[in-house]
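**Student:** here's a sequence, model it:
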Amino acid sequence: MHQLPKLTLIVLILLSTIIILQAQDRNCDPIVLTGSELNCMRGERPEDIVAFKYVSGSGWAQIPVQIDERILLDISAPYDPVERTNVPNCLWNSNRPTAWDVLFYADTKTHIGADTNPNFDADDELVLMASDAGDLRIGNSYPTGTRNGSLCELSIREPLSGNAVLGYIYLFVQTGSLDQAAGADYITYNFSYANNYKSSYTECLKDVTGANPENSAIITDNYEIGFSRRWVEDVLKMKMGNDNNDLLDRRQIFINRGRCTNTAATEERFSNSEGAHIAAIDGPIRAIRSIMGTASGPFTQSNILATSCKVEYEFFFRLHPANGFNDVYDLNSYASGKMTYNRSGSSDAVNGNGGNIGGGATDWSYYDGNPGSLIISTDYNFGVPLGAQASISHYYDDRGSSAGHPCTGDGLAYGSSGFTLRTKRCSDRRYANPNNQTDSEECATNSTFFHVFRNYYFQPPGMTNGVANEYDRYAKNPLNVMIMEDPLPVELLGFKAQAQKDQIVLSWSTASETNNSHFEIERSEDAKIFKKIGQVAGNGTTLAQQDYRFLDAGVLADMTYYYRLKQVDTDGTSSYSKVQTARMQASENDISIYPNPVEDLLSLRIYSEEINTSIIVSDLYGKAVLQVERVLSANTWNTIELDVSGLPAGAYFIRTTKGQVKQFVK
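**Tutor:** Got it, this is the predicted structure:
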């Protein structure tokens, strides 16, 4: 089952020094963080957030960052409200008054409109590229044009390698006119209706052939994909090899196999019927093409999230009970003899002469040839268990003119690959057809969901099964990110407190330090009020691991103590570690005293079995110099204070009625 990609926030204790790895295998992966994860930037104006990397030896270098705002709206929000009102049955029997809100990408070009919160809020997304990560910063300087105190450090980590560090990215709030894109433009989305969508695009349609034509394209240095209508994706150019010609006939989405009729449920008919563009976003890092509406599935949705060499397809199947659907990538005749298709160790030359690659659901597969390699990683998220209620199988057809689905596009099959979902379950909770009470009841009381996620990686020719499998692992294991708000340039690896005999040993280590003056050790008995009990010098600036130790001998038995470190930089700025605790265990025959040496008041902690207890202080010759009688709580620990200010300087013994003895110095 697919888990929606989530950001993982990790606090790590590393074994030794930080390991910086080359990010070459993750160069295609974007880093997507929500406002709920980025407390350091939440509430800022999106246009004020900028990103930098630190380059050892040269300093700060700005990198592009993109913010895509999102908004929670009713699922019908992408449709023109005027059309919904004036066109009968615009949403094709999906008008049941059932609450159904969806998080959409905001876009002022469409009927979604702008986010109602103009600031970077909890559900907005901030996008970076892993390939832009740099080194750990040295020093406390801020880039020119950024606000002091606004730094947010992102430590990019590889979950497949024990969360080893790939690099660092730093976010800031700008004070001037920095270009958020940092002069970069990794991707271009030419949307045909970018300037006139609301006035020229018709949404409430019923089988209007050729409606809403497009000539839209998403273009990067590594690939180009094109669209001639809302659901018709019919251009694929791979630019990482030596052949940039179009290889795609269609991305075909259809309900049943078989020859086309005027009523066949295909991507062609989906585009002829009611539907809308949710968002068409052209950013410096990511392009977003989000659409909705497939004939009798007005809420079926597709999101295409494209970056420089990776395209993420999110498909939300929302339909009344039918037969499921097929999602197939069908190449054209130009690909014949130039590409091979590979799946789970099986390979077939794309040539239209047939092929025998079938079987169950596919995790990953790939095309490879002189134009380049296209790796496809697939995952699913279902509301019902696979089996009797739903099934997934692999789809492959390379029979040329004898295609099993001679329907849309050129009617031929060249390396057609994808999957088939079979289910009769309803996934449109608003479906209410007066002519079909059975399906209507199923949708009202027993609706479920079907989500499909596919990641396309564009790579150079010469792909192997092992590398393709590794990219599948990348797709299913997003990069982890550790987020620190304006950290001091001292990376603390670990801090612990341990009781040993009659003292507590504090130990900690750092992975690296920059301008580290010293550590102050603070202790508390209630976790609220902390007092400084010592100080340890730092090591200035160093990239080597440093180990520290401090002994606290002024502790009482059977007491819990709370410790924290205050790290102080050479310019006086400081930060605190997490609090650690330690407890001195004591037997009933123990007595503990504090402080030692003492000036005036001596605290004793003793276990008494009697109510009346004598406490005798004697010198080194056994002569009693002080004796007090106290009424204590029986069979429990008691704390007593003795005034020893009148005693001469020297060493003394303290005894109790029970025979407990301890030495102290005045």
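
**Student:** list the contacts of Asp428.
**Tutor:** By CB atoms under 8 Å, 6 or more residues apart in numbering, Asp428 lies in contact with Ser94, Gly297, Phe299, Arg318, Leu319, His320, Cys443, Ser447. C-beta here means a position set from N, CA and C on the backbone, and glycine is covered the same way.

**Student:** what does Met339 give?
**Tutor:** Leu247, Leu331, Val350, Tyr367, Asp368, Gly369, Pro371, Gly415 are the contacts of Met339 under CB under 8 Å, 6+ apart.

**Student:** ok, now with 6 Å
**Tutor:** Val350, Tyr367, Gly369 (CB atoms under 6 Å, 6 or more residues apart in numbering).

**Student:** for Phe172, same thing?
**Tutor:** Val50, Thr146, Ser150, Leu151.

**Student:** most neighbours among those residues, which one?
**Tutor:** Val50 (24 neighbours; other CB atoms under 10 Å).

**Student:** follow-up on the earlier one: from the contacts of Met339, which land in strands?
**Tutor:** Members of these lying in strands (criterion: DSSP state E): Tyr367, Gly369.

**Student:** would you mark the buried spots in stretch 549-560?
**Tutor:** Phe550, Asp552, Gly554, Val555, Leu556, Ala557, Asp558, Met559 (16 or more other CB atoms under 10 Å).

**Student:** start to end distance for that stretch?
**Tutor:** This stretch, stretch 549-560, spans 20 Å end to end (CA to CA, to the nearest Å).

**Student:** stretch 98-111 now?
**Tutor:** 21 Å.

**Student:** mean confidence for that stretch?
**Tutor:** Mean pLDDT, computed over stretch 98-111, is 97.

**Student:** what comes up buried for that stretch?
**Tutor:** Within stretch 98-111, judged by 16+ other CB under 10 Å, the buried ones are Trp100, Val102, Phe104, Tyr105, Ala106, Asp107, Lys109, Thr110, His111.

**Student:** re earlier: ok, which pair from the contacts of Phe172 is furthest apart?
**Tutor:** Spatial extent of the contacts of Phe172 (CB to CB) is set by the pair Val50 and Leu151 at 11.1 Å.

**Student:** what distance do you get for the closest residue to Asn433 other than its chain neighbours to Leu319?
**Tutor:** Excluding its sequence neighbours, the residue lying closest to Asn433 (CB to CB, 6 or more residues apart in numbering) is Asn93, at 4.4 Å. Note on Asn93: its distance to Leu319, by CB to CB, to the nearest Å, is 11 Å.

**Student:** for Ser76, same thing?
**Tutor:** From Ser76 to Leu319 the distance is 16 Å (CB to CB).

**Student:** more neighbours: which of these two?
**Tutor:** The residue with more neighbours, out of Ser76 and Leu319, is Leu319; 26 against 20, by other CB under 10 Å.

**Student:** where do the helices sit along this structure?
**Tutor:** 81-86, 197-200, 267-272, 437-445, 465-476 (DSSP state H).

**Student:** quick one: buried residues of the second one?
**Tutor:** It stands for helix 197-200. Buried, per 16+ other CB under 10 Å, within helix 197-200: Tyr197.

**Student:** neighbours of the residue nearest to Thr266 when sequence neighbours are not counted, just the number please.
**Tutor:** Using CB to CB, 6+ apart and skipping residues adjacent in sequence, the residue nearest Thr266 is Phe254, 4.4 Å away. Using other CB under 10 Å, Phe254 has 23 neighbouring residues.

**Student:** pretty sure Phe254 sits against Gly324.
**Tutor:** No - using CB atoms under 6 Å, Phe254 is not in contact with Gly324; the gap is 10.5 Å.

**Student:** tell me which residues form a beta bridge with Ile591?
**Tutor:** Listed beta-bridge partners, Ile591: Ile606 (assigned using DSSP bridges).

**Student:** burial count for it?
**Tutor:** 20.

**Student:** go on, Ala182?
**Tutor:** Residues near Ala182, counting by other CB under 10 Å: 17.

**Student:** residue contacts, it?
**Tutor:** By CB under 6 Å, 6+ apart, the neighbours of Ala182 are Gln62, Ile63, Pro64.

**Student:** next step: these restricted to strands.
**Tutor:** Checking the contacts of Ala182 against DSSP E, those in strands are Gln62, Ile63.

**Student:** can you tell me which of the contacts of Ala182 comes closest to Gly293?
**Tutor:** Nearest to Gly293 among the contacts of Ala182: Pro64, at 32.6 Å, using CB to CB.

**Student:** return the member of the contacts of Asp428 nearest to Ile156.
**Tutor:** Arg318 (35.0 Å).

**Student:** tell me how far that closest one lies from Leu72.
**Tutor:** Counting by CB to CB, the gap from Arg318 to Leu72 is 17 Å.

**Student:** so those two - more neighbours on which side?
**Tutor:** Arg318 (25 against 12).

**Student:** and that one, how far from Met292?
**Tutor:** 9 Å.

**Student:** endpoints of stretch 314-329, how far apart?
**Tutor:** End-to-end distance of stretch 314-329 (CA to CA): 15 Å.

**Student:** quick one: buried residues of it?
**Tutor:** By 16+ other CB under 10 Å, the buried positions in stretch 314-329 come out as 314-322, 324-329.

**Student:** kindly report the same for stretch 30-44.
**Tutor:** Result for stretch 30-44 [16+ other CB under 10 Å]: buried residues Pro30, Ile31, Val32, Leu33, Thr34, Gly35, Glu37, Leu38, Cys40, Met41, Glu44.
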